[in-house]
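Trainee: Prediction below, plus the sequence it came from.
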Amino acid sequence: MDPQLAKRLFEKGAIFILLDVPVGTEFGIDYNSWEVGPNFKGVKMIPPGIHFVYYSSVSNTHDVAPRTGFFYNFQPSEMIIRKWDKYNEDMLGDSVSAEEQERMESSKKELDRYLGAYPYESYKKWISLTSNLRPQFLDKLLPLNRKICSVTEFISEKSTSQSRSEAKKSRGDVKTDDTPDEQRLPNMAITPGTEIRFTLIPKQTYPVGASPEEVTRYSMDHSFVLESLLKTGYEVEMTDILGELQFAFICFLIGQVYDAFEQWKKLVRLLCMCDEAMAKHPELYAQFISTIHYQIQEIPEDFFVDIVSQNNFLVSVLHTFFENLESSTTLPTLKEKGQKFRTHLQKRFNWDFTADPDEDCPVVVE
């Protein structure tokens, strides 16, 4: 690293302190993860801005727990201190007193040898994956408890003997030894405050009271849905839809959240299925091409083959996207950028966007 850059990051970079974390715990920030050693106390020289911190406890038999993480918007020279809760095998939030915070901030130089440096060589990659993720919109998406958990948290719904008996009567439900196992399970609900608050994408693609012609047109061109969302879900900044696309991508690729993968697919499909909106919002679509380009670059090859391309999802929706772009009345500069993107994908993955999708191939159904 350039000495001047290192000096600037040491002075202006943020510090994340994690105390009492067990040896062997998996700890990471952005695209970088480590196995915690006996002297580990955190990470220094973190560039200001939004970052994703995550961790997994590891048992004595080397079994790794599900990943938990959180987004945090680090300020210049900020020091964040967290402690490890050994009982719950989790990170405690705001568990440090003001006196302890002040004491540790005054002893930065002594702490320095226990802190790992943020791998700055991967920072440009991280910036390309979060370029449209605004802190204000991030707060809108995060769960109320602000944790991103790879495994959904459930609680058993409260019930009494009387309520269970009444429920059985209303269903005509008398359980016997032959009753399927799933019917014997208690009623479960997602723990309040743990759900990621993704933007709801309407399934109906045409306006209420639409004429038959409009129903046909907007069933093929999803511009009505996109325009509606830009006025309601993304009304402050139009590019927040790309911010959510980036948020979902990070949550599923690094946070290992499957629901985020589903939201990512929905947003990609929506943006690719628009024709009118492409001509109306060329700058949004220029940024969309950049966003999806950087995301595809970062998907591990085996992950890409096994999951992202299942049912030809990306090939199918990008085929539609390039067709819409070619026939659109949008700016020539956007068409040129789209052509370069298509050429890149054809060369790297040997995808053919000139032929119509095989009729026998699986079709993505919403």
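Mentor: Happy to help now that I have it.

Trainee: Ser131: what's it in contact with?
Mentor: The neighbourhood of Ser131, defined by CB atoms under 8 Å, 6 or more residues apart in numbering, consists of Gln246, Ser290, Thr291. (Glycine included, C-beta is placed from N, CA and C.)

Trainee: Find the nearest non-adjacent residue to the first one, please.
Mentor: Counting by CB to CB, 6 or more residues apart in numbering, Gln246 lies nearest to Leu133, which is 5.1 Å off, once chain neighbours are set aside.

Trainee: if we can go back for a sec, from the contacts of Ser131, which single one is nearest Thr194?
Mentor: Compare each of the contacts of Ser131 with Thr194 using CB to CB and the shortest gap goes to Gln246, at 21.5 Å.

Trainee: and the helix or strand encompassing Thr216, what's its mean pLDDT?
Mentor: Per DSSP states H and E, Thr216 falls inside helix 212-220. Predicted confidence along helix 212-220 averages 90 (mean pLDDT).

Trainee: again, but for stretch 189-202
Mentor: Per-residue pLDDT values across stretch 189-202 average out to 90.

Trainee: quick one on the thing from earlier: which of the contacts of Ser131 sits closest to Glu227?
Mentor: When these are compared for distance to Glu227 (CB to CB), Thr291 wins out at 19.4 Å.

Trainee: Distance of the closest one relative to Phe341?
Mentor: As defined by CB to CB, to the nearest Å, Thr291 lies at a distance of 11 Å from Phe341.

Trainee: Make sure Leu245 is actually in contact with Tyr294.
Mentor: No. In this structure, Leu245 sits apart from Tyr294 without contact. The criterion is CB atoms under 8 Å, and the distance is 11.0 Å.

Trainee: pretty sure the residue nearest to Gln246 belongs to a helix, no?
Mentor: No. For Leu133, which was evaluated using DSSP: H, G, I helix; E, B strand; the rest coil, the result is coil, with no helix membership.

Trainee: contacting residues around it?
Mentor: Leu133 makes contact with Ile50, Gly243, Gln246, Phe247 under the criterion CB under 8 Å, 6+ apart.

Trainee: can you tell me which of those residues are in helices?
Mentor: With helices defined by DSSP state H, the entries of those inside them are Gly243, Gln246, Phe247.

Trainee: Pick the one among the residues you listed closest to Glu195.
Mentor: Nearest to Glu195 among those, with distances taken as CB to CB, is Phe247, at 14.1 Å.

Trainee: That closest one contacts Lys140, correct?
Mentor: No. At 10.0 Å, Phe247 and Lys140 do not qualify as touching, with contact defined as CB under 8 Å.

Trainee: Settle it for me: which of those two has more neighbours?
Mentor: Phe247 (31 against 15; other CB atoms under 10 Å).

Trainee: mind listing the strands for the protein?
Mentor: Counting by DSSP state E, one finds strands in the chain at the ranges 14-19, 26-29, 32-35, 42-46, 49-56, 68-74, 79-85, 90-92, 115-117, 148-149, 154-156, 188-190.

Trainee: coming back round to it: which one of the contacts of Ser131 is nearest to Gly37?
Mentor: Nearest to Gly37 among the contacts of Ser131 is Gln246, at 31.9 Å by CB to CB.

Trainee: State the distance from that closest one to Phe341.
Mentor: The value you get for Gln246 to Phe341, if CB to CB is used, is 17 Å.

Trainee: more neighbours, these two?
Mentor: When neighbours are counted by other CB under 10 Å, Gln246 and Phe341 differ, and Gln246 comes out ahead with 22 against 19.

Trainee: Name all residues that make contact with the more buried one.
Mentor: Leu129, Thr130, Ser131, Asn132, Leu133, Thr291, Gln295.

Trainee: same check, this time on Pro76
Mentor: If a contact means CB under 8 Å, 6+ apart, then Pro76 has Lys12, Gly13, Ala14, Pro48 as its contacts.

Trainee: Identify the bridge partners of the third one.
Mentor: Counting by DSSP bridges, Ala14 forms beta bridges with Ile46.

Trainee: isn't it right up against Gly42?
Mentor: No. Applying CB under 8 Å as the test, Ala14 and Gly42 come out as separate, 10.3 Å apart.

Trainee: circling back to that earlier point, please spell out which residues along the helix holding Thr216 are buried.
Mentor: Neighbour counts over helix 212-220 (16 or more other CB atoms under 10 Å) mark Arg217, Tyr218 as buried.

Trainee: Stretch 286-297 too?
Mentor: The neighbour-count criterion (16+ other CB under 10 Å) identifies Ala286, Gln287, Phe288, Ile289, Ser290, Thr291, Ile292, Tyr294, Gln295, Ile296 as the buried residues of stretch 286-297.

Trainee: Which one of these is nearest to Leu5?
Mentor: Tyr294 (22.7 Å).

Trainee: Skipping its backbone neighbours, what lies nearest that closest one in space?
Mentor: Tyr294's closest residue in space is Ser128 (CB to CB, 6+ apart), at 4.3 Å.

Trainee: repeat for Asp85
Mentor: Ranked by CB to CB, 6+ apart and with sequence neighbours excluded, the top spatial neighbour of Asp85 is Leu92, at 5.0 Å.

Trainee: Could you report the neighbour count for that neighbour?
Mentor: For Leu92, the number of neighbouring residues by other CB under 10 Å comes to 14.

Trainee: Tell me who's in contact with it.
Mentor: For Leu92, the residues meeting the contact criterion (CB under 8 Å, 6+ apart) are Arg82, Lys83, Trp84, Asp85.

Trainee: residues touching Leu138, list them.
Mentor: The contact partners of Leu138, taken as CB under 8 Å, 6+ apart, are Ile50, Phe71, Asn73, Gly243, Phe247.
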